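In: Pasting the sequence and the predicted model now:
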Amino acid sequence: MSGVPYDSRGTRPRIKEYVTRGNVEYEQCIEGGAYLIRRTERSDAAKPTVMEIGRGMTRIVVLDLWKLVVMGDLG
């Protein structure tokens, strides 16, 4: 999944759903009124890589992306 490094923008995310595949976690979040999908890769336990996708897109687009994550087609 392409994306950008995660930026919390000073607000705490509400995690609506999550799915784990091996050492990668995906979270569907609402943060400061924006929807996004957060991807955390823990292949290096000392320094996980956290990326985000979909911030700024409409709720419907993010939910469509989430369906692809859950089905294993995005990631």
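Out: Received it, and whenever you're ready, just let me know what you need. Numbering: from 1, shown residues only.

In: residue boundaries of the helices in this protein?
Out: For the chain, the helices defined by DSSP state H occupy 59-71.

In: where in it is pLDDT low?
Out: Residue ranges of the chain with pLDDT under 70: 1, 75.

In: rerun at 80
Out: 1-2, 45, 74-75 (pLDDT under 80).

In: can you pull out the strands in it?
Out: 4-5, 14-21, 24-31, 34-41, 49-53 (DSSP state E).

In: now these in CSV, with distance to residue 66 and mean neighbour count?
Out: The way it works is simple: take the backbone N, C-alpha and C, and place the C-beta from them, glycine included. Formatted as CSV, these follow (distance: least, C-beta to C-beta, whole Å; neighbours: other C-beta atoms under 10 Å):
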stretch, distance to residue 66, mean neighbour count
strand 4-5, 17, 8
strand 14-21, 7, 12
strand 24-31, 5, 19
strand 34-41, 6, 20
strand 49-53, 10, 17
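
In: Turn the ones you listed into a markdown table, including distance to residue 73.
Out: Output for these, formatted as a markdown table (distance: least, C-beta to C-beta, whole Å):
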| stretch | distance to residue 73 |
| --- | --- |
| strand 4-5 | 20 |
| strand 14-21 | 12 |
| strand 24-31 | 12 |
| strand 34-41 | 13 |
| strand 49-53 | 14 |
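
In: wait, which of those strands is closest to residue 71?
Out: Between residue 71 and those, the shortest gap by C-beta to C-beta is with strand 14-21, which sits at 10.0 Å.
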